[in-house]
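*Asks:* Sequence below, structure please.
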Amino acid sequence: MKHVTKMMLVVAVLAMVAVTAQAAVITPTDVSAPTVNAAWFSAVNAINGNGLDGVGNVEDQLHRASDHSLNDHWQQNSTSSFSAITFDLGSAMDVGAAYVWNCALWDGAGDQTGRGVQNTTIEVSTDGVNFASLGTFTFAQASLASSSDSIAAEIVNFDSIQTDVRYVKFGITSNYGDSARTGLSEVRFDTVPEPATMTLLGLGGLLALVRRRRK
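*Replies:* Residues are numbered from 1 along each chain as shown. Purely as a prediction, here's the structure:
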């Protein structure tokens, strides 16, 4: 009977660890990139939440297709070349995917989704100096019918969980046809708890079960 009890406790702890290992969305603390206009198209617009509807979990929120005067989007000049945008997560953590709201801009000229990022290399770094490439990724073009439309986030999965990542760089190589500008509406990343955190949570659950049994 004691053996069965021990096995049940082990199974319970493993289940708790599995639950705590689920992804959690993180907002970058800083971002750097060239911009068209510091007031309207600043790179910080890609992480500040402007334009998101605030309904539900961040990754499930919709981004409005609004005029650029509302500071909802980041954009850069792409007439001659494309540039990179680098996100600072604030501290090193494990990262498995990006949530991308591509350019959802609708302004006086109409649908500007051709400015959305199409192909980009993605690199990760712990120190912001030495980057490791994860390969080339393709973001979907936003689909808009009017200025009142909104778009959902696209989940861009990395090949595997990348450990000890603080900086994530999108090295943009193409957009969806706009020869003047390229941009994004918003970007988030997902993380998983560090093994040490999961272990502590598991041990806490084990102690709670033991105390309950003694009662």
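*Asks:* mind showing which ranges of the protein have poor pLDDT?
*Replies:* Along the chain, segments meeting pLDDT under 70 span 1-23, 67-70, 193-215.
*Asks:* what packs against the longest strand anywhere in it?
*Replies:* Secondary structure of the chain read by DSSP state E shows that its longest strand is strand 154-175. Packing contacts for strand 154-175, counted by 3 or more Cβ pairs under 8 Å, 6 or more residues apart in numbering; DSSP states H and E, involve strand 84-102, strand 117-125, strand 131-138, strand 181-192. For the C-beta atoms, the positions are set from N, CA and C on the backbone; glycine is no exception.
*Asks:* List the buried residues in the second one.
*Replies:* Burial within strand 117-125, assessed by neighbour count using 16 or more other Cβ atoms under 10 Å, is assigned to 117-118, 120-125.
*Asks:* related to what we said a few turns ago, relative orientation of the longest strand of the chain and strand 84-102 in degrees?
*Replies:* Interaxial angle, strand 154-175 versus strand 84-102 (axes from the mean of the first three to the mean of the last three Cα atoms, to 10 degrees): 120 degrees.
*Asks:* C-alpha coordinates for strand 154-175, PDB please?
*Replies:* The C-alpha trace of strand 154-175 is given here as PDB (Å, rounded to 0.1, in the frame of the first residue of the first chain):
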ATOM      1  CA  GLU A 154      -0.100  34.700 -36.400                       C
ATOM      2  CA  ILE A 155       1.900  32.100 -34.400                       C
ATOM      3  CA  VAL A 156       5.400  31.600 -35.900                       C
ATOM      4  CA  ASN A 157       6.800  28.500 -34.300                       C
ATOM      5  CA  PHE A 158      10.600  28.100 -34.000                       C
ATOM      6  CA  ASP A 159      11.900  24.600 -34.700                       C
ATOM      7  CA  SER A 160      12.400  24.000 -31.000                       C
ATOM      8  CA  ILE A 161      12.600  25.700 -27.600                       C
ATOM      9  CA  GLN A 162      15.500  28.200 -27.700                       C
ATOM     10  CA  THR A 163      17.100  28.500 -24.300                       C
ATOM     11  CA  ASP A 164      18.700  31.500 -22.600                       C
ATOM     12  CA  VAL A 165      17.300  34.000 -25.100                       C
ATOM     13  CA  ARG A 166      17.100  37.700 -24.300                       C
ATOM     14  CA  TYR A 167      17.300  39.300 -27.800                       C
ATOM     15  CA  VAL A 168      15.400  38.200 -30.900                       C
ATOM     16  CA  LYS A 169      16.200  39.800 -34.200                       C
ATOM     17  CA  PHE A 170      14.100  39.800 -37.400                       C
ATOM     18  CA  GLY A 171      16.300  40.500 -40.300                       C
ATOM     19  CA  ILE A 172      13.700  41.500 -42.900                       C
ATOM     20  CA  THR A 173      14.400  40.500 -46.500                       C
ATOM     21  CA  SER A 174      11.100  41.200 -48.300                       C
ATOM     22  CA  ASN A 175       7.600  42.600 -47.900                       C
END
